[in-house]
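> I'll drop the sequence and a predicted model, then ask my questions.
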Amino acid sequence: MTYVVTDACIKCKYTDCVEVCPVDCFYEGENMLVINPSECIDCGVCEPECPAEAILPDTESGTEKWLELNAQYSAEWPNITEKKDPPADADEFKGKSGKFDAYFSPEPGEGD
């Protein structure tokens, strides 16, 4: 089992999860984070830290798409290990649905 980041992270990109991860398995895209599933140790400390509730165990129904997306982009995007300020408009996007189709960007973020 591993944890995955879902579309709830898009345009929110809070990094509270990054700060608590003991194995630094988060990777930064332009407007969301992903978890490298082969690096995640399934400790679960990141899940309750996410203000957008974007992190789920891959055993939850409907996470197959997110497991694939996390695996793909964690291989392409830079590693992030330190907390950063969220986007200025993050709270406006928190809880919105349909964010993947409307806002997902495959572009990498800055990383550390």
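That came in fine, so what should we check first?

> can you give me the helices in this structure?
Using DSSP state H, the helices found in the chain span residues 16-20, 64-74, 90-93, 99-103.

> need those helices in JSON lines with distance to residue 35, mean pLDDT and mean neighbour count, can you?
The C-beta positions use only the backbone N, C-alpha and C, and glycine is treated the same way. Formatted as JSON lines, the helices of the chain follow (distance: least, Cβ to Cβ, whole Å; pLDDT from 0 to 100; neighbours: other Cβ atoms under 10 Å):
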{"stretch": "helix 16-20", "distance to residue 35": "8", "mean pLDDT": "97", "mean neighbour count": "18"}
{"stretch": "helix 64-74", "distance to residue 35": "5", "mean pLDDT": "97", "mean neighbour count": "18"}
{"stretch": "helix 90-93", "distance to residue 35": "19", "mean pLDDT": "96", "mean neighbour count": "15"}
{"stretch": "helix 99-103", "distance to residue 35": "16", "mean pLDDT": "97", "mean neighbour count": "14"}
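
> of all the ones you listed, which one comes closest to residue 45?
Residue 45 lies closest to helix 16-20 among the helices of the chain, at 4.8 Å (Cβ to Cβ).

> rewinding a little: any idea which of the helices of the chain gets closest to residue 36?
helix 64-74 (3.7 Å).

> which residues are contacting the closest one?
2, 4-7, 25, 27, 29, 34-39, 56, 58, 106 (Cβ atoms under 8 Å, 6 or more residues apart in numbering).

> redo that, cut-off 10 Å
Residues from elsewhere that reach helix 64-74 (Cβ atoms under 10 Å, 6 or more residues apart in numbering): 2-9, 25-29, 32-40, 54-56, 58, 60, 63, 100, 104, 106, 108.

> next one: stretch 77-90
Around stretch 77-90, the neighbours that count as contacts under Cβ under 10 Å, 6+ apart are 9, 11-21, 23-34, 36, 39, 49, 51-52, 93-94, 106-112.

> name the residues of stretch 15-32 that are buried.
For stretch 15-32, burial by neighbour count (16 or more other Cβ atoms under 10 Å) applies to 15, 17-18, 21, 25-32.
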